[in-house]
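J.: Structure for the following, please:
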Amino acid sequence: MSLKSLHRVLFGILFALSSPLAAQAASAASDIPAWLQAHVGTGEGKIAPVVLERARALYVKNRQSGKVSNPCYLAMDATRPSTAPNGAPGARFYVICEADRSFRAVSSGYGNGRKLQRADFSNGRQCAKNFSNAEGSKLTMGGAYTTAETRTSFKGYYSQSGQRKPFYRTFLLFDGEGDTENARERAIGGHPAVFLKWQCRFKNPSSPNADKEGYVPYGNLVNYTGGRSNGCTTWSPAVSDDIIELVDGNPTSLYIYPEGRDIDAVANAVRTGSSLSRAGLYWNAACLSAIGAPKFWPKRTLQPVINNWRQSLPSNPPRDLPICK
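T.: Predicted coordinates for the structure are as follows:
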């Protein structure tokens, strides 16, 4: 390894250790109860040590400051694969309630990104390679968040048991800090991994959601649990109901791993052939093998690319859905 390469790796490690959460995480790690330690690890259904330590440190900080009072906190490890070894959606989102010794590992989506002419920052279905906090990037951004209010919106109608039913989806907003402070600007939050794929529209003037001509959209429900999203955190419908019930009106902290500094440090270690464990770094081994090396796209770098792409798009008038037959 060249001296310059060694300096890059060391800088990444020192930068990671110098963050405000790092010192708190080190303290939090020392008093993790034995029952919770049993859930720590890198295997399926486990939470990696660094993810738990930072999530716990953030929660303790927010509890002490009075920012949250919820007995539970949330965490996510976006380096893990979408699919578990048994073929089920992979667990990479965690709900931890230390007061009642409860630990739950569930599936969650991550940002799919975009493939533009000037930059390809798209992610595959199994593992996330690209991350960013740029608005419009459709990518996951690791760091500190606090859950905020919920908003429920009408998406259209779908068929169930021979009847047309309205579909409403609840969105849980996140407030960020530091690199994630633009979470609201990016419309980042959590919601069920279900969307309505519109097909047509039908006349229903009695619906409060009808347009000025009395039409409402109709389509098929698509469930993408454990897959990719537009940058939001997505859960299965059942899990989403549980999480939203847990935090609605009673916010808590959410820590998402990895942050930009982690991504840069791991990428540098991969380039120089360094051992992650020896360097004190973490990435899910299966996904690291699949992606080669992760990449963090800072907002200052990626935002101009996205803005230029948007400006180049033709201004086509919105098209009406066909009438349902």
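J.: Which residue ranges of the stretch 151-300 of the chain form helices?
T.: 237-247, 260-272, 285-291, 299-312 (DSSP state H, counting those that start in this stretch).
J.: tell me which residues in the second one are buried?
T.: Applying a neighbour-count criterion of 16 or more other Cβ atoms under 10 Å, the buried positions in helix 260-272 are 260, 261, 262, 263, 264, 265, 266, 267, 268, 269, 270. Glycine gets a C-beta too; all of them are placed from N, C-alpha and C.
J.: Find the residue at the geometric middle of this structure.
T.: The centre of the chain sits closest to residue 233, judged by Cα atoms, centre = their mean, with a distance of 3.8 Å.
J.: residue contacts, it?
T.: Applying Cβ atoms under 8 Å, 6 or more residues apart in numbering to residue 233 gives the contacts 76, 93, 108, 109, 174, 188, 189, 190, 191, 254, 256.
J.: mind checking how far it is from residue 147?
T.: Plainly put, residue 233 is 10 Å away from residue 147 if you go by Cβ to Cβ, to the nearest Å.
J.: Now do the shared contacts for the two.
T.: Shared contacts of residue 233 and residue 147, counting by Cβ under 8 Å, 6+ apart, come down to 174, 190, 254.
J.: Need those in CSV (columns: pLDDT, neighbour count and distance to residue 182).
T.: Output for the shared contacts of residue 233 and residue 147, formatted as CSV (pLDDT from 0 to 100; neighbours: other Cβ atoms under 10 Å; distance: Cβ to Cβ, whole Å):
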residue, pLDDT, neighbour count, distance to residue 182
174, 97, 23, 11
190, 94, 29, 17
254, 98, 29, 16
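J.: Turn the residues you listed into CSV, including distance to residue 62.
T.: CSV is the format used below for those (distance: Cβ to Cβ, whole Å):
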residue, distance to residue 62
174, 13
190, 17
254, 10
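J.: Which ones among those residues map onto strands?
T.: Counted as lying in strands by DSSP state E, out of those, are 174, 190, 254.
J.: Next up, the contacts around the closest residue to residue 228 other than its chain neighbours.
T.: Once flanking residues are discounted, residue 228 sits nearest to residue 112: 3.6 Å by Cβ to Cβ, 6 or more residues apart in numbering. Residues counted as contacts of residue 112 (Cβ under 8 Å, 6+ apart) are 122, 123, 138, 139, 228, 229, 230.
J.: Return the closest of these with respect to residue 302.
T.: Ranked by distance to residue 302 (Cβ to Cβ), the contacts of residue 112 are led by residue 139 at 8.6 Å.
J.: Can you give me the neighbour number for that closest one?
T.: Look at residue 139: counted by other Cβ atoms under 10 Å, it has 28 neighbours.
J.: now swap in the one 3 residues further on and tell me
T.: Here the number of neighbours of residue 142 (other Cβ under 10 Å) works out to 25.
J.: thinking again about what came up before, can you lay out the contacts of residue 233 as a markdown table showing distance to residue 211?
T.: Shown next, in a markdown table, are the contacts of residue 233 (distance: Cβ to Cβ, whole Å):
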| residue | distance to residue 211 |
| --- | --- |
| 76 | 37 |
| 93 | 36 |
| 108 | 34 |
| 109 | 30 |
| 174 | 31 |
| 188 | 28 |
| 189 | 26 |
| 190 | 29 |
| 191 | 24 |
| 254 | 36 |
| 256 | 37 |
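J.: so which of those is the most crowded?
T.: Result: residue 108 is most packed of the contacts of residue 233 (other Cβ under 10 Å), 33 neighbours.
J.: Could you say whether residue 58 sits in a helix, a strand or coil?
T.: Of the three states, residue 58 takes helix under DSSP: H, G, I helix; E, B strand; the rest coil.
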